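> Using only what follows, build the 3D model:
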Amino acid sequence: MHFRSLVAVAAAATVSLSALTAQAADKPEELNFGIISTESTQNLKTIWQPFLADMEEQTGMEVKPFFATDYAGIIEAMRFGKVDIAWYGNKSAMEAVDRANGSIFAQTVDVEGNPGYWSLLVTHKDSPLESLEDVLKCNGSLNFGYGDPNSTSGFLVPSYYVFAQNGADPKDCFKTVRNANHETNLVAAANKQVDVSTNNTENLRRMQKTHPDMAKDVKVIWKSPLIPSDPIVWRNDLAEPAKAEVMKFFMTYGRIGDQAEVDEELKVLSDLGWAPFQPSSNAQLIPIRQLELFKNRAKIAGNENLSEQEKKDQIAEIDAQLEELKELAAKQPKSAS
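Numbering: from 1, shown residues only. I've put the predicted structure just below:
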């Protein structure tokens with residue numbers, strides 16, 4: 001080979017090696033994976049450990065679970081770089097996108113193939129409460145179990161569909177209102193510690209497996225419109241090589257491999273209440289943002305501390321945002337729920 005050709009080949013090899021070295025340097029050795037507190041940490045560790053172990057093996061990065069006592073703890077951890085990737089509900093994902101430099105890249109899929117899940121109101125099976133109308137008598141006689149303020153199904157959805165749309169305020173309706181995670185609220189309803197509480201179809205199905213004795217003691221008295229399935233969010237500043245590995249893992253998990261591997265991965269997902277993931281984006285938050293704005297609009301309209309002009313101005317601002325979201329939603333493909 002001509003000397004110049006040898007030099008060119010050597011230079012190309014050096015550049016290629018440098019690029020690979022740089023890419024390897026950009027790829028972190030470990031990832032912290034945030035898991036929202038829908039139930040006890042011990043239960044969450046049990047069902048998430050196999051999934052995170054597979055993620056670690058297939059991405060080549062150590063994957064460490066990160067738990068907090070509430071949803072805000074995961075959001076703040078992502079904001080300060082202590083969490084790289086996290087499973088959120090839509091409401092908490094919206095907070096992560098807006099305040100913690102996060103972006104949605106994947107979406108969970110219901111184990112039964114549903115495109116989402118539903119918020120619920122549950123009560124003890126022997127309770128005289130049978131409908132939403134019974135709950136909204138608002139005579140101060142009932143004890144209510146609300147969700148975490150950053151929970152989609154436990155707080156945001158019932159806040160809008162149960163209370164805002166019916167002109168009711170939980171503080172005025174109930175004898176007591178307490179916030180807790182899904183598991184705690186269901187147990188409280190089953191044990192008659194509260195008269196009615198929020199939950200969702202995914203958590204109820206899990207409780208039917210893990211605590212059938214508790215689950216059989218509750219009945220559902222209200223079901224919301226469909227909520228988009230939970231998103232998976234990564235930090236925007238996560239290294240691109242890491243993002244590529246993570247995306248590949250999520251999009252192939254439970255789909256690619258020999259039959260035994262696929263079956264095992266599907267079992268891991270089933271224990272989490274899911275089927276294989278699908279790609280997603282921040283567009284799936286559009287209906288959640290609409291809910292939040294509608295709720296805020298109702299609050300402003302009923303705020304006696306604001307003048308009529310202040311109400312008019314603030315409502316006009318919210319209506320403009322709602323119109324923008326409506327236009328944005330119309331541009332999305334049907335699959336981008």
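
> For residue 176, what are phi and psi?
phi -140, psi 150 (degrees, to the nearest 10).

> err, residue 30, not the other one
Here residue 30 shows phi and psi, under degrees, to the nearest 10, equal to phi -140, psi 150.

> again, but for the one 10 residues further on
Dihedral angles phi and psi of residue 40 (degrees, to the nearest 10) take the values phi -60, psi 150.

> From the rest of the structure, what touches the helix or strand hosting residue 49?
Assigned by DSSP states H and E, residue 49 falls within helix 41-59. Helix 41-59 is contacted by residues 31, 33, 35, 37-38, 62-65, 67, 183, 210, 242, 245-246, 248-249, 253, 265, 268-269, 271-272 when judged by CB atoms under 8 Å, 6 or more residues apart in numbering. In short, each C-beta sits where N, CA and C put it, glycine included.

> if you look at the residues you listed, which of them are in helices?
Of the contacts of helix 41-59, the ones assigned to helices by DSSP state H are 183, 210, 242, 245-246, 248-249, 265, 268-269, 271.

> if we can go back for a sec, just the buried residues of the contacts of helix 41-59.
Buried subset of the contacts of helix 41-59 (neighbour count, 16 or more other CB atoms under 10 Å): 31, 33, 35, 37-38, 63, 67, 183, 242, 245-246, 249, 253, 265, 268-269, 271-272.

> would you turn the ones in helices among the contacts of helix 41-59 into JSON lines with distance to residue 146 and pLDDT?
Shown next, in JSON lines, are the ones in helices among the contacts of helix 41-59 (distance: CB to CB, whole Å; pLDDT from 0 to 100):
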{"residue": "183", "distance to residue 146": "14", "pLDDT": "94"}
{"residue": "210", "distance to residue 146": "22", "pLDDT": "88"}
{"residue": "242", "distance to residue 146": "37", "pLDDT": "97"}
{"residue": "245", "distance to residue 146": "39", "pLDDT": "97"}
{"residue": "246", "distance to residue 146": "34", "pLDDT": "98"}
{"residue": "248", "distance to residue 146": "39", "pLDDT": "97"}
{"residue": "249", "distance to residue 146": "35", "pLDDT": "98"}
{"residue": "265", "distance to residue 146": "36", "pLDDT": "97"}
{"residue": "268", "distance to residue 146": "32", "pLDDT": "97"}
{"residue": "269", "distance to residue 146": "30", "pLDDT": "96"}
{"residue": "271", "distance to residue 146": "28", "pLDDT": "93"}
